[in-house]
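sequence first, then the predicted structure, then my questions.
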Amino acid sequence: MSIISKIKRIRSFIPIPMLIMVGVLAIGPISVVTTNIYGTPETVTVSFYKKIHKAKSNPFTVSCGYYYVKGKRYTAVICEKLPIGAKFQIKRSPIVSCEYNTIGALQE
């Protein structure tokens, strides 16, 4: 094979990685905008705690609860220690139900 045919062969693969890169870079911001603007608000009741261990830092406790979409249970987490039975609000993605943004604790 000549050098020119090798260059042509390598050049034919360039668009595929570029398309993958553009797709990955575009899907992330679209997902965030979809969740923030068009997200469905859900109220979650704190039902259990989870201890998070991070490397080189002290463990901390987060409050967790469940929300349901079409009969399927998903877990939501808020990075505050709320009493069990307290409520917090999330906005879940209309496309991917397991993705959500925490809005905050509700005052009662």
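Received the coordinates, thanks. Numbering: from 1, shown residues only.

shaky segments in this protein?
1-2, 6-24, 28, 30-35, 108 (pLDDT under 70).

mind listing the helices for it?
Taking DSSP state H, the helices of the chain run over residues 3-11, 15-38.

gap between the two ends of stretch 85-95?
28 Å (C-alpha to C-alpha, to the nearest Å).

hmm, who's touching that stretch?
31, 34-36, 38-46, 63, 65, 67, 69, 74, 76, 78, 80, 82, 99-106, 108 (C-beta atoms under 8 Å, 6 or more residues apart in numbering). Heads up, the C-betas are built off the backbone N, CA and C, glycines and all.

and those residues, which of them are buried?
35, 39, 42, 44-46, 63, 65, 67, 74, 76, 78, 82, 99-100 (16 or more other C-beta atoms under 10 Å).

how near is residue 49 to residue 73?
Note on residue 49: its distance to residue 73, by C-beta to C-beta, to the nearest Å, is 18 Å.

settle it for me: which of these two has more neighbours?
residue 49 (12 against 8; other C-beta atoms under 10 Å).

roughly how far apart are the residue lying closest to that one once chain neighbours are set aside and residue 67?
With C-beta to C-beta, 6 or more residues apart in numbering as the criterion, residue 49 has its nearest non-adjacent residue at 5.2 Å, and that residue is residue 61. Residue 61 sits at a distance of 20 Å from residue 67 (criterion: C-beta to C-beta).
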